[in-house]
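Asker: Structure, please.
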Amino acid sequence: MKPQFLVPTVTAFDPKGRVDEEANLRIYDRLIAGGVDGIVLLGSIGEFYAIPMDEQKRMVGSAARHIGTRCKLIVGTSAMRVEDCIELSNYAHSQGVEAVMTITPYYFDLSDASVELFYDRLAASTPARVYLYNFPARTGYDLKPSVALTLARKHSNIVGYKDSIAFMGHTRELANTLLPEFPEFEIYSGFDENLAHNILSGGAGCIGGLGNVDPALCAAWLRAILGGDCGEIARCQRRINRLMRIYDVCTPFIPAIKQAMVLNGFEMTAHSAFPLLPPDERQVEAIRAILTEGQEPM
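Answerer: As a prediction, this is how the structure comes out:
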């Protein structure tokens, strides 16, 4: 499979905290026009945890109809209860999406056996193609490469893995562990800056939040990597490295990503789900400075 840059899209809310469907459709259009390969709906950056199941289903149906075949659509189906993950996964599959991406429960530390059992139940209960999702900073534990290999051997519909770990050595070990036996298994970096390294290690690309901010840059970066244009790869890498600082402006980072999108001309408000606070004036200026510092022409 050709490596890809997929965008875990934000969810636009109106000032009253309701999902803003029209703004979300505009976001999808702008991401597609920017040239990214796909959209991941209801990921962590999409604030899935704050959206009721019935609203999530409405979002999935709306996105599937609006996006059609213009790009890949993957749906995050994470929840604390595996029954809810299965329900949303089956619904997403019924809407014709490419795959689902599901994180394990994120309150208690889980053993490797419990992680394996969770994905066993999910994969056996849905016909959807499933991407494993590893985000130790949010779950408190690691989905180990050895566990991923065991799951891939047991379930043919487990086809990929998003690795949201900054340390590239973990993602490289995934490639070393799974690809010799499953060369089509899709390993995505969850940290934008690791795109090139992941592809060089045999990975499938990136599922990166900065694609929300500057989709054209991310698409150009991928084209440069695939085309072997070292000068353009370096230029894009430097720009991405600077933009990575947006993640550090707010805690958590979602309001900062949304504010950066507004500053870059997206037609949306920067509201996030309660209780996330909007950036204050100082933070807005910090985001503006990151966006404008050292800009180079495309």
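
Asker: Give me the residue ranges of this structure where confidence is low.
Answerer: 294-298 (pLDDT under 70).

Asker: Looking only at stretch 25-45, what residues are buried by neighbour count?
Answerer: Residues of stretch 25-45 classed as buried: 25, 27-28, 30-32, 34-45 (neighbour count, 16 or more other C-beta atoms under 10 Å). Backbone N, C-alpha and C define where each C-beta goes, glycine included.

Asker: So Tyr107, which state does it fall into?
Answerer: At Tyr107 the chain is in coil, as set by DSSP: H, G, I helix; E, B strand; the rest coil.

Asker: tell me the contacts of it?
Answerer: Met80 (C-beta atoms under 8 Å, 6 or more residues apart in numbering).

Asker: roughly how far apart are it and Ser44?
Answerer: 15 Å (C-beta to C-beta, to the nearest Å).

Asker: cool, Ser62 as well?
Answerer: Counting by C-beta to C-beta, the gap from Ser62 to Ser44 is 20 Å.

Asker: Then Val262?
Answerer: 20 Å.

Asker: if we can go back for a sec, out of the buried residues of stretch 25-45, list just those in strands.
Answerer: Secondary structure from DSSP state E places Gly38, Ile39, Val40, Leu41 of those in strands.

Asker: Now do the helices in the stretch 101-250 of the chain.
Answerer: Counting by DSSP state H, counting those that start in this stretch, residue ranges of the helices within the stretch 101-250 of the chain are 112-124, 136-139, 145-154, 168-178, 195-200, 215-227, 230-243.

Asker: for the fourth one, which positions count as buried?
Answerer: Taking 16+ other C-beta under 10 Å as the neighbour-count basis, helix 168-178 is seen to contain the buried residues Met168, His170, Thr171, Arg172, Glu173, Leu174, Ala175, Thr177, Leu178.
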